[in-house]
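Participant: sequence? don't have it. structure:
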Ligand code: GTP
Ligand code: MG
């Protein structure tokens, strides 16, 4: 299933400048370089809609995309990457925190987790923040190019185990690779269900 239309709306440094027409939003959050912008392009099926880079810290603002003239995809800057200079990181952190705390149209946040690495403290902390704020979210494992290899499965199981220490039930889980084009259908179906209010 493909979307009929897509367009870039704009990049905004502050939540109060973001579109406020009450259009339902789905946002992509996660550590710098986890593959947020790549997954957004894969989901929208448009190469180059959001800018991607090998260097962490590429997405520096809150980027809005209109899909089917009906809902927004929001690409956020990343958190937690040690190689991103500290001042820039804290600016990103403020944008992300303000966005999740203030966005009234956010239907669901996609929290992207790198399937290639063991559970990361920064991600677990972020899930706790989402919990405290009561933000609806799902986990989207990225870069699972060779799923179901043992290493990916173990990382995902370990992440679930860590989350179970403070969460029950766990949020819904998706496994994706923008590179190998894995997992798009399930995400599209999920968005459609949320939009239908199921
Ligand atoms: P920031 O905007 O810097 O926070 O990064 P981001 O999370 O938006 O990541 P981005 O989409 O820019 O991708 C970062 C790097 O990961 C790029 O070099 C991508 O090509 C690579 N990448 C993205 N998705 C995949 C994937 O599914 N598999 C693999 N192997 N690499 C990927
Ligand atoms: Mg990005």
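Facilitator: Received it, and whenever you're ready, just let me know what you need. Here the structure is a predicted model, which means the values were calculated and not measured. Residues are numbered from 1 along each chain as shown. Ligands and ions are numbered 1, 2, ... in the order given.
Participant: Which residues of this structure lie near ligand 1?
Facilitator: Residues of the chain lying near ligand 1 by CB under 6 Å from any ligand atom: 30, 32-38, 52-54, 56-59, 77-78, 142-143, 145, 177-179. Every C-beta, even on glycine, is put in place using the N, C-alpha and C of the backbone.
Participant: Relative to the centre of this protein, find the outermost residue for me.
Facilitator: Relative to the C-alpha centroid of the chain, counting by CA atoms, centre = their mean, residue 150 is the outermost residue, at 24.2 Å.
Participant: Go through the chain and flag its longest strand.
Facilitator: For the chain, the strand that runs over the most residues, judged by DSSP state E, is strand 106-114.
Participant: All the strands of this structure, residue numbers only.
Facilitator: 6-12, 25-30, 62-67, 71-75, 106-114, 137-142, 173-175.
Participant: Quick one, which of the ones you listed gets closest to ligand 2.
Facilitator: For ligand 2, the closest of those is strand 71-75, at 5.9 Å, according to CB to the ion.
Participant: The closest one near ligand 2 anywhere?
Facilitator: No - Strand 71-75 does not reach ligand 2 (CB under 5 Å from the ion); its nearest approach is 5.9 Å.
Participant: Kindly state the pLDDT recorded for the residue farthest from the centre of the chain?
Facilitator: Per-residue pLDDT puts residue 150 at 92.
Participant: go on, residue 198?
Facilitator: pLDDT, residue 198: 59.
Participant: One more: residue 89?
Facilitator: Looking at residue 89, its pLDDT reads 89.
Participant: any residues touching the one helix or strand in the chain whose mean pLDDT sits lowest, and which ones?
Facilitator: In the chain, no helix or strand scores lower on mean pLDDT, DSSP states H and E than helix 86-102, which sits at a mean of 93. Helix 86-102 is contacted by residues 13-16, 18, 27, 29, 32, 57, 60-62, 74, 76-81, 84, 106, 109, 129-130, 133, 135 when judged by CB atoms under 8 Å, 6 or more residues apart in numbering.
Participant: Tell me which entries of those residues lie within helices.
Facilitator: With helices taken from DSSP state H, the overlap with those comprises 129, 130, 133.
Participant: Selecting buried members of those residues in PyMOL, what would you type?
Facilitator: Only the buried entries of those go into this PyMOL selection, using 16 or more other CB atoms under 10 Å:
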select buried, resi 130
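Participant: List the contacts of residue 167.
Facilitator: Counted by CB under 8 Å, 6+ apart, residue 167 has contacts 127, 131.
Participant: Now the spatially most central residue of the chain: closest residue in space, sequence neighbours ignored.
Facilitator: Geometric centre of the chain, nearest residue: residue 28, 2.3 Å, by CA atoms, centre = their mean. With CB to CB, 6 or more residues apart in numbering as the criterion, residue 28 has its nearest non-adjacent residue at 4.2 Å, and that residue is residue 36.
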